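Visitor: Using only what follows, build the 3D model:
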Amino acid sequence: MRRRQKGFRKSKFKINNSARKRYPQPAGARKKRGISHTAFLEQEVLAHLYQHKEPQNITEIMDGLSLIRPERKMLSNLLADMCRQHMISCPQSRKAGKLYSLAQKDDLVEGVVEVNPKGFGFAIIAAGPEAPTQQKDRSLRQDPFIAPDNLGSAHQGDRALFRLIPKRRGRTEAIVIKVLHRAATILVGGYEAGRQTSLVIPEDERFLFNVLVRRKDSCGARNGDAVVVEIKDFKGGHRNPEGRIIEVLGDPEDIGVQAEIVIRKHKLPHKFSERALQEADSYPDSIPDDKARLDLRAVPHMTIDGETARDFDDAVAVEKIAGGWRLYVSIADVSYYVKPGSALDREAYERGTSVYFPNRVVPMLPERLSNNLCSLVPRVARPAFTAIIEFDRQGKRLTKKFAKSIIVSRHRLTYTIVKQILVDRNKLLAAKYDDIFTQLQEMAQLAAVLEKKRFERGSIGFSIPEAEVLMNDENQITDVIRAERNMAHKLIEEFMLAANEAVAAQLSDSNISTLYRIHESPDDMKVREFTKFARTLGLHLSANGGSPKWFGKVLAKVDGTPKEYIVNNILLRTMQRARYSPENVGHFGLAATYYTHFTSPIRRYPDLLVHRNLMGMLMKKKGSGVFPAQDLKRAGDFLSDRERTAVNAEREMTERLQVRFMEEKIGESFDGIVSGVTGFGLFIELLDHFVSGAIEITKLKGDYYHFDEKNYRLVGTHTNKVYQVGDLVRIKVASVDIRQRRINFVTE
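Guide: All right, here's what the predicted structure looks like:
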């Protein structure tokens, strides 16, 4: 975390001068109550009328705004002026006098403030069936722009009331009328010690203020420490709010502290209550005999995971049968331990998912469950929930059966071991695992058949590598590489997909309310934009694109070429996000009619919910899930949001480690590929390390370059040299901005 120069930043939140002139501040107005000028009062009036459905008289407005009698004249003049401008309507009532209400409710909308570190912002307004007309208007495909002067007292993430104003420079703009809910009263930042008053510089640059901390509220923090600060009050007119430090995280150069920063920044629940821990500890190591469970201990299950995996929640087995195969997908029965309404259940729901960092895990469940009782370790009987599915030789599903079971995993295999046995033909390993060698071969055949059938129906085979940060025993970063994905990964993936589809189909056929994993069709405009962009790469695509099979054909065109990674990434951006919903609309990316998440209840709460729904179906007990059907949509929205938060936190942690790794490489040269072109410059992905950075257009050597927006490329003014997506380049690491997580390159 880089230090800023001590002192106060100039406030980005300026009073609108034109409004000040129109409504001069009257004598007697009480600044202590936050009414600094009449323009601010105008916004308060609009917010008050927006929040009240019934028309209001002047007395009701005064009471709602906590005004006093001397301010009545000022308010009366303001209301009259607003009526003349048709901002509000002012019909006369015999009993109550003049009544005031909004003239055009569609001009006011609610949304979330998204701030840019440069000082401006955007109004993130979600469209919906009950949204005002302008919210659903196609002109709002772009989030309305908020000028610095129009942010008012709003900060990053705040929920606010906006007034939309006519398009300027081709884009609808918004003014913050009132902050409805503060998103952040607790922030992570860097502590800068002063003599009497110190500063906390918010770690997130989108918060355009510093927090003042008096010595008595410093909690023993030392200069340079990463801290958590609680803001006492966002006082109107104050540039920097006051706060108190509630937690000292330590030296931000420590990678462990970096993880703590990300956890606090994304508000990840990371401590279990004593009650939850007691519940987890109350279960014995061995499970009692349960005659209701299907005994599958004789079936040779095995787990296949990564080398560093600590929890093993899924085990598989395959039997060859007449005309096909029988697949067993057995999942640790988390529902046996986590009961609806328990402390464990409530806290698992609040987390929604486990979060995985390179140097630590923030689990959804306590380690007593996640790494022990719900982990299918070898040679230990464990309660499970098993999907038993039979397929013919063409991969067609013939039968499906689900049961509470008890299993024993024979082996803990890794992806690498399976690859070495089946692909590399390692005879020593084949001999070591001779009891399951034949079964592994059958698994490989079944997985290949299932994959072929899935692609034939239109499933999209994206190939997006993930960054793997390698660290030594001293918690130091040794490399950042592309995570390997071999045939063993695909084998397990096919079996999990098959189980998820079978469960979803069963619940749908049985009319059981549950959460589906849905993926809606992409926006037609984004598909057209991609088709246009693809031409610049030499890809001439059919105009009627947008189906899963069309996406598959695009990926097939670049398979194995230097453009594969780039096209996969850009094409993925045209997609909508997969989410959880009680309304099944299918899964576009998988070309699946039915899909849900069943296979990881140890780390995803929706899977636990599906287990309970499936259990209720088997026991013929409807409504056995933790949520009644009418609450499933709310749960689906919340859990989808928790998933997005986890993904963002994981991505940020990886970026923090990537920039620290590259800080040691300043001055070194690497080969890279152009992954993006903008008016700013080039984005580069390194080939030797899975790291990306940028080259400013002014830092490109040998010529002056301009952005050819039509063809998504940079062109040299004198040499006509072209930089476009997919080009190989030789670059040097010029600098690394740790705070902004940016890596800057220059061409050699």
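Visitor: all helices of the stretch 501-650 of the chain, in order?
Guide: 524-535, 548-558, 564-573, 605-618, 632-663 (DSSP state H, counting those that start in this stretch).
Visitor: right, so these: which one is the most enclosed?
Guide: Mean neighbour counts were compared across these using mean count of other Cβ atoms under 10 Å; the top stretch is helix 605-618, at a mean of 24. Placement of C-beta: from N, CA and C, glycine included.
Visitor: Kindly calculate the angle that that helix makes with helix 632-663.
Guide: Calculated by axes from the mean of the first three to the mean of the last three Cα atoms, to 10 degrees, helix 605-618 forms an angle of 150 degrees with helix 632-663.
Visitor: Grab the most central residue of the chain for me.
Guide: residue 644 (2.2 Å; Cα atoms, centre = their mean).
Visitor: measure that residue to residue 185 for me?
Guide: Taking Cβ to Cβ, to the nearest Å as the criterion, residue 644 is separated from residue 185 by 22 Å.
Visitor: Domains in the protein, by residue range?
Guide: Domain assignment for the chain by automatic domain parsing gives 17-102, 105-181, 186-252, 274-517+584-648, 521-575, 665-747.
Visitor: so where's this protein shaky on pLDDT?
Guide: 1-37, 93-96, 105-106, 126-141, 168-170, 235-238, 621-630 (pLDDT under 70).
Visitor: longest strand of it?
Guide: Longest strand of the chain, by residue count under DSSP state E: strand 397-414.
Visitor: by how many degrees do that one and helix 605-618 diverge?
Guide: Interaxial angle, strand 397-414 versus helix 605-618 (the same axes, to 10 degrees): 130 degrees.
Visitor: Could you list the buried residues of strand 397-414?
Guide: 397, 400, 402-414 (16 or more other Cβ atoms under 10 Å).
Visitor: thinking again about what came up before, right, and the residue nearest to the centre of the chain touches residue 578 too?
Guide: No. With contacts counted by Cβ atoms under 8 Å, residue 644 stays clear of residue 578, the gap being 10.5 Å.
Visitor: returning to what we had before: kindly indicate which of the buried residues of strand 397-414 lies nearest residue 122.
Guide: Closest approach between these and residue 122, by Cβ to Cβ: residue 414, at 45.2 Å.
Visitor: Identify the bridge partners of that closest one.
Guide: Beta bridges link residue 414 to residue 305 when assigned by DSSP bridges.
Visitor: How about the backbone phi and psi for residue 683?
Guide: Phi and psi for residue 683, reported as degrees, to the nearest 10, are phi -110, psi 130.
Visitor: now it, nearest residue through space, not along the chain?
Guide: Spatial nearest neighbour of residue 683, chain neighbours left out: residue 676 (3.6 Å); criterion: Cβ to Cβ, 6 or more residues apart in numbering.
Visitor: does the one you found sit in a helix or strand, and which one?
Guide: Assigned by DSSP states H and E, residue 676 falls within strand 669-677.
Visitor: Residue 336 contacts residue 383, correct?
Guide: Yes. Shown here, residue 336 and residue 383 form a contact pair, counting by Cβ under 8 Å, at 4.9 Å.
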